[in-house]
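J.: what follows is a predicted protein model with its sequence.
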Amino acid sequence: MRLKVGSRMQRSGNGGNVSSGFSTKLVSLLCIASFCFGVFVVNRLWSVPDLVDTDNNIAASTGKYGIINPAINCDHKKMDADRRSHAIKTLDETIYSLEMQLAAAREAKAENEKKATDAKSGNDTSNYNAQKVFFVMGIITAFSSRKRRDSIRETWMPQGHVLKKLEKEKRIVIRFVIGHSATPGGVLDRAIDAEEAEHKDFLRLNHVEGYHELSSKTQIYFSTAVSKWDADMYIKVDDDVHVNLGILSSLLSRHQSKPRIYIGCMKSGPVLGHKGVKYHEPEYWKFGEEGNKYFRHATGQIYAISKDLAKYISVNRDILHKYANEDVSLGSWFIGLDVNHIDERSMCCGTPPDCEWKAQAGNPCAASFDWSCSGICKSVEGMEQVHQLCGEDRDIF
């Protein structure tokens, strides 16, 4: 049997004729469909993935919610993070180094200034080892207080070889404390130089004198005293206060071995915010509402602190805040510290007849002054009277 395109095939059977034929168009379509199906099958079974340049192309992946998340070059990100971390670390080290250099420069400057002051006053301490003593008493004084100083020298403060003997045998150091004028080397400073040459009982500070600078002066006094003497106690007293050294020594000896001691007549006066009044506090708003009182602190006429507190003041002198009133400033420096406040009323007796009656009753006073005058009223004349009626024997030591 033979097929012939475009013709009919005839076959006889059972006496019937059946004819069948395929058109040219149908054959062509079947061939094309077969070819496409073959190509599709081959590509599905033998496909080769393209190479991806991970440095220049971004692959995409479908997330849990069908969100397309771009792939991240982790190596580059890690390198960038490492560079930033290294840069920050280097910057921190540089800042720390500069801070240390600045602190060292400040210490060097302070030391040079101290050496210059010591050399000027004839007390060069460049090779000085701090002398171990019982207590150091600094009598705060001013350029205009020569007569006050003389009244103290003539009454309760030893002079000359007795002062040196007191320092050597009893380890008690007493000095008038003063800074310099606004024009160093001027007539005021030369007057103190001459007085020092005569009595040798001054501690000179690198400080410009001024009534409104008492907080700063007190701070510098403790810092200077700590660097010069290794004392158990450091005392500050005004130059219009009478002191009985024997009684004060006995009082302090009871607390000599205790840490963080702050001794004086503790008080808590009102914060005075109105201008023009004595003891005006410009920063009154820091103490709360109008009518509030100060925190408990020792009255400024005389008080004593232990060595650890004096060192604390010295170390932190650049960051301790100074209020207008010196005694308030000192009390504020100890806020937040574990300090033992000792209210010692024998350090704030009144002038005669108060101190006289107490002495007769067997309770002699360590210090006497008039509260109304914040010191002995007319102290140049009154110091001798107080000493005669309430003072101890000058030969007690």
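T.: Thanks, I have the structure now.
J.: next secondary structure after the helix or strand where Tyr221 lies?
T.: When secondary structure is defined using DSSP states H and E, the element that contains Tyr221 is helix 214-228. Downstream of helix 214-228, the next assigned helix or strand under DSSP H and E is strand 229-238.
J.: could you check the angle that next one makes with helix 214-228?
T.: With axes from the mean of the first three to the mean of the last three Cα atoms, to 10 degrees defining the directions, strand 229-238 sits at 160 degrees from helix 214-228.
J.: on that earlier part again, contacts for the helix holding Tyr221 next, please.
T.: Contacts to helix 214-228, defined as Cβ atoms under 8 Å, 6 or more residues apart in numbering, come from residues 114, 125, 128, 130-131, 136, 138, 140, 177, 179, 203, 205-207, 209, 231, 234, 236, 305, 307, 310-311, 313-314, 317, 320, 322-326, 329-330. Just so you know, the C-beta spots here come from the backbone N, C-alpha and C atoms, and that holds for glycine as well.
J.: quick one: the helices in this protein?
T.: 24-46, 74-121, 146-153, 160-169, 187-199, 214-228, 245-253, 307-315, 326-333, 354-360, 379-390 (DSSP state H).
J.: how many neighbours does Ile95 have?
T.: Other residues near Ile95 come to 10 when the count uses other Cβ atoms under 10 Å.
J.: and Asp230, by the same measure?
T.: Using other Cβ under 10 Å, Asp230 is surrounded by 14 other residues.
J.: cool, the one 5 residues further on as well?
T.: Look at Ile235: counted by other Cβ under 10 Å, it has 25 neighbours.
J.: do the same with Glu198
T.: For Glu198, the count of nearby residues is 8 (other Cβ under 10 Å).
J.: show the pLDDT at it.
T.: Here, the pLDDT recorded for Glu198 equals 95.
J.: where does this structure dip in pLDDT?
T.: Across the chain, the stretches falling below the confidence threshold (pLDDT under 70) are 1-23, 39-78, 92-93, 96-129, 394-397.
J.: go ahead and flag the most central residue of it.
T.: Within the chain, the residue whose C-alpha comes closest to the C-alpha centroid is Ile319; the distance, by Cα atoms, centre = their mean, is 4.6 Å.
J.: surely Arg204 meets Gly179?
T.: Yes. Applying Cβ atoms under 8 Å as the test, Arg204 and Gly179 come out as touching, 7.3 Å apart.
J.: quick one: Phe222 from Tyr303, how far?
T.: Taken as Cβ to Cβ, to the nearest Å, the spacing of Phe222 relative to Tyr303 amounts to 11 Å.
J.: give me the common contacts of those two.
T.: Contacts common to Phe222 and Tyr303, judged by Cβ under 8 Å, 6+ apart, are Lys236.
J.: what about the strands in the stretch 251-397 of the chain?
T.: Read by DSSP state E, counting those that start in this stretch, the stretch 251-397 of the chain holds these strands, from start to end of the chain: 261-267, 297-306, 340-343, 367-368.
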